[in-house]
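Coordinates only, no sequence provided:
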């Protein structure tokens, strides 16, 4: 036996479903989000083009990406940077061709020198290089002084504090090699 509250909830859900099934109502609810999404997409492309001047053709950067010191960011061809990523380029960040940066990734060249003595600690900064075809998984963090080799994969949620060899998968905190990847087949298979 259902209570009055459950019946009311069920009736409200049925009414909502019937109301949103009407095409003009559906468009009235969806169209503003689509239009706003397109406007933000165009704005994001223009903002990215204005901020990151040293980039190859075909680069895509979501409009919600945080770009700190964008003059120090250098991108190859076809780089894709996902939603809510953060690139802090106090020193240079160099991304090779076809690098993929997933959502919410943090790439940060600067940190604090805790070995310098008593607070306040001075900032230290080291460049980051991510070579061609590398993929950085969601919510991973890449810290200053790191080189990620070509076609390497950084697992989601990892923190990269040391260099990553080419064609390897790394993961964990701190990131360690999980396995090597097979060589790339240059000829298409039939």
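Cool, got the structure. Please read all numbers here as calculations on a predicted model, not as lab measurements.

Contacts only, for the closest residue in space to residue 181 that isn't next to it in sequence.
Residue nearest to residue 181 in three dimensions, not counting chain neighbours: residue 167, with 4.4 Å by CB to CB, 6 or more residues apart in numbering. (Glycine included, C-beta is placed from N, CA and C.) Applying CB atoms under 8 Å, 6 or more residues apart in numbering to residue 167 gives the contacts 149-152, 180-184.

which residues touch residue 154?
134-137, 140, 142, 148, 160, 164, 170-171, 175.

out of those, who's nearest residue 40?
For the contacts of residue 154, the minimum distance to residue 40 (CB to CB) is 23.5 Å, reached by residue 136.

Hmm, residue 106 and that closest one touching each other?
No. Using CB atoms under 8 Å, residue 136 is not in contact with residue 106; the gap is 9.6 Å.

Show me the common contact partners of these two, please.
residue 142.

Neighbour count: those two, which is higher?
Each of residue 136 and residue 106 has its neighbours counted (other CB atoms under 10 Å); residue 136 has more, 29 against 18.

if we can go back for a sec, please narrow the contacts of residue 154 to those residing in strands.
135-136, 142, 148, 160, 170-171 (DSSP state E).

any low-confidence regions in the chain?
1, 186-190 (pLDDT under 70).
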